[in-house]
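Participant: just coords:
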């Protein structure tokens with residue numbers, strides 16, 4: 001029996017939280033690893049690049065595998081491998097062993113990341129309405145869990161290795177236990193079925209279907225006969241772009257690579273905010289270290305809140321509008337940070353920057369997956385892989401610019417990238433972006 005669509009959606013949330021927790025568990029132990037292997041900040045920066053290269057390689061391998069074997073095989077495998085690899089950086093005693101550990105952990109994390117995003121596209125296709133941003137919001141929840149676990153372990157006097165090993169073991173159990181709830185059908189199969197019957201996309205993972213229900217697989221309550229007939233009539237009259245976030249392939253690989261370039265730009269902005277927001281308040285505005293730390297907190301909180309709200313906004317206004325207006329809002333926010341002379345303008349700017357960027361990446365991932373459902377994993381791996389390169393490059397690019405201009409003036413580059421993204425948002429243009437999506441009103445969100 002196939003799992004219900006609601007169960008598959010919950011399982012996808014679980015894997016996003018798991019991925020965020022495992023990555024966060026490494027991040028919070030970076031200072032301990034740096035001290036243990038005895039490397040400088042500069043050397044550590046080079047080692048972290050290896051983590052990114054490993055993740056990029058894992059994404060390129062796991063994407064096509066997800067298309068070939070199905071997410072139900074690759075996602076839990078990625079979770080198991082990532083959980084097992086988490087302890088490796090904690091065991092490293094030299095720069096060389098840490099380099100190898102980070103390559104392996106990065107590869108496993110990248111494999112989990114791209115396969116769970118491909119499955120998220122599959123779930124979104126079956127739901128027939130936007131749900132991608134909510135998945136990305138829960139990734140941030142995983143980071144919070146990792147921080148709490150690390151704080152608890154530190155207060156109990158535990159060495160990082162046992163705590164990382166225990167967390168990895170729990171992750172393996174969760175990854176295996178959640179596998180049964182994933183949709184077993186390859187994304188291409190769901191797309192083909194949905195093309196034959198627009199109403200089937202919402203039921204693709206349920207295994208049982210009531211003849212008069214249009215979204216029975218989602219776990220929603222049964223509708224009356226008249227309401228079902230009305231909904232069916234609306235779906236029959238609607239265009240494919242209005243009944244599902246997916247649309248027919250347009251532009252092939254060229255369009256996917258354009259999406260990847262946009263992902264690189266917006267994730268470069270996100271990476272720059274991660275590493276430079278606190279330093280901006282401290283070095284440019286003279287804020288105390290405790291106050292400066294809230295700059296990143298403000299950015300991260302705004303991004304999480306934005307992703308929790310983005311799916312409903314996409315359902316109402318379309319993905320193109322979210323990408324365009326979100327990037328424009330981010331441009332205003334980072335400009336306020338770059339030019340504002342006061343503390344409150346910096347906090348307001350970082351909040352706007354996080355809120356604006358929050359919905360951009362999920363729309364790009366979703367568009368890549370829906371561009372060709374038969375190659376959803378491979379396409380998501382291209383967009384996610386290039387985006388990951390941007391996130392890693394962001395801090396380095398801003399750091400290089402600080403040799404030429406002041407830190408706050410270096411942020412003008414981020415303004416230009418956001419403006420470019422807003423101008424290029426038309427690549428997401430579909431019928432649903434110009435027509436209110438009443439048939440995709442959120443249910444059971």
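Facilitator: The structure has been received and is ready for your questions. None of these values were measured; they are calculated from a predicted model. Numbers count the residues shown, from 1 in each chain.

Participant: where does the stretch 301-445 of the chain dip in pLDDT?
Facilitator: 430-445 (pLDDT under 70).

Participant: same thing but 80
Facilitator: Scanning the stretch 301-445 of the chain for pLDDT under 80 picks out 372-377, 392-396, 399, 429-445.

Participant: hey, where'd the helices end up in the stretch 251-400 of the chain?
Facilitator: 252-279, 289-317, 319-339, 343-358, 360-371, 376-401 (DSSP state H, counting those that start in this stretch).

Participant: what do you get for the stretch 1-150 of the chain?
Facilitator: Under DSSP H, counting those that start in this stretch, the stretch 1-150 of the chain gives helices at 5-28, 30-37, 41-69, 71-85, 87-91, 95-127, 132-155.

Participant: helices or strands up against the fourth one?
Facilitator: It stands for helix 71-85. Other elements packing on helix 71-85 under the criterion 3 or more C-beta pairs under 8 Å, 6 or more residues apart in numbering; DSSP states H and E are helix 5-28, helix 41-69, helix 95-127, helix 160-177. C-beta coordinates here come from the backbone N, C-alpha and C atoms, glycine included.

Participant: contacts only, for the closest residue in space to residue 294 that isn't next to it in sequence.
Facilitator: Of all residues not flanking residue 294 in the chain, residue 347 sits nearest, at 7.3 Å (C-beta to C-beta, 6 or more residues apart in numbering). With contact set as C-beta atoms under 8 Å, 6 or more residues apart in numbering, residue 347 has these partners: 294-295, 298.

Participant: Serialize those to CSV and add fields for pLDDT, neighbour count and distance to residue 308.
Facilitator: Converted to CSV, these look like this (pLDDT from 0 to 100; neighbours: other C-beta atoms under 10 Å; distance: C-beta to C-beta, whole Å):
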residue, pLDDT, neighbour count, distance to residue 308
294, 75, 17, 20
295, 80, 26, 21
298, 81, 21, 16
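
Participant: redo those as a markdown table? Include distance to residue 258.
Facilitator: Converted to a markdown table, the contacts of residue 347 look like this (distance: C-beta to C-beta, whole Å):
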| residue | distance to residue 258 |
| --- | --- |
| 294 | 36 |
| 295 | 32 |
| 298 | 31 |
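
Participant: which of the residues you listed sits closest to residue 375?
Facilitator: residue 298 (38.5 Å; C-beta to C-beta).

Participant: now residue 38: phi and psi?
Facilitator: Here is the backbone geometry of residue 38 (degrees, to the nearest 10): phi 70, psi 50.

Participant: returning to what we had before: deepest-packed of the helices of the stretch 1-150 of the chain, please.
Facilitator: helix 95-127 (a mean of 26; mean count of other C-beta atoms under 10 Å).

Participant: orientation of that one relative to helix 41-69 in degrees?
Facilitator: Interaxial angle of helix 95-127 relative to helix 41-69 (axes from the mean of the first three to the mean of the last three C-alpha atoms, to 10 degrees): 40 degrees.

Participant: turn the helices of the stretch 1-150 of the chain into CSV, including distance to residue 253.
Facilitator: Below are the helices of the stretch 1-150 of the chain laid out as CSV (distance: least, C-beta to C-beta, whole Å):
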stretch, distance to residue 253
helix 5-28, 26
helix 30-37, 36
helix 41-69, 13
helix 71-85, 21
helix 87-91, 35
helix 95-127, 16
helix 132-155, 21
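
Participant: who wins for proximity to residue 371 among those?
Facilitator: Nearest of the helices of the stretch 1-150 of the chain to residue 371, taken as C-beta to C-beta: helix 95-127 at 9.8 Å.

Participant: include distance to residue 394 and mean pLDDT when you put the helices and strands packed on helix 71-85 into JSON lines, please.
Facilitator: Putting the helices and strands packed on helix 71-85 into JSON lines (distance: least, C-beta to C-beta, whole Å; pLDDT from 0 to 100) gives the following:
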{"stretch": "helix 5-28", "distance to residue 394": "16", "mean pLDDT": "90"}
{"stretch": "helix 41-69", "distance to residue 394": "11", "mean pLDDT": "85"}
{"stretch": "helix 95-127", "distance to residue 394": "17", "mean pLDDT": "92"}
{"stretch": "helix 160-177", "distance to residue 394": "27", "mean pLDDT": "92"}
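
Participant: out of these, which comes closest to residue 401?
Facilitator: When those are compared by C-beta to C-beta, helix 41-69 sits nearest residue 401, at 15.9 Å.

Participant: coming back round to it: of the contacts of residue 347, just say which sits nearest to residue 51.
Facilitator: residue 295 (24.1 Å).

Participant: I'd say the closest one and residue 276 touch.
Facilitator: No - here residue 295 lies out of contact with residue 276, judged by C-beta atoms under 8 Å, at a distance of 9.1 Å.

Participant: ranking the helices of the stretch 251-400 of the chain by burial, who's on top?
Facilitator: Highest mean neighbour count of those: helix 360-371, a mean of 28 (counted as mean count of other C-beta under 10 Å).

Participant: tell me the pLDDT of residue 94.
Facilitator: On pLDDT, residue 94 comes in at 91.

Participant: that one: how many residues sit nearby?
Facilitator: Counted with other C-beta atoms under 10 Å, the neighbours of residue 94 add up to 12.

Participant: roughly how far does it sit from residue 109?
Facilitator: Separation of residue 94 from residue 109 (C-beta to C-beta, to the nearest Å): 22 Å.

Participant: how about residue 428?
Facilitator: 27 Å.
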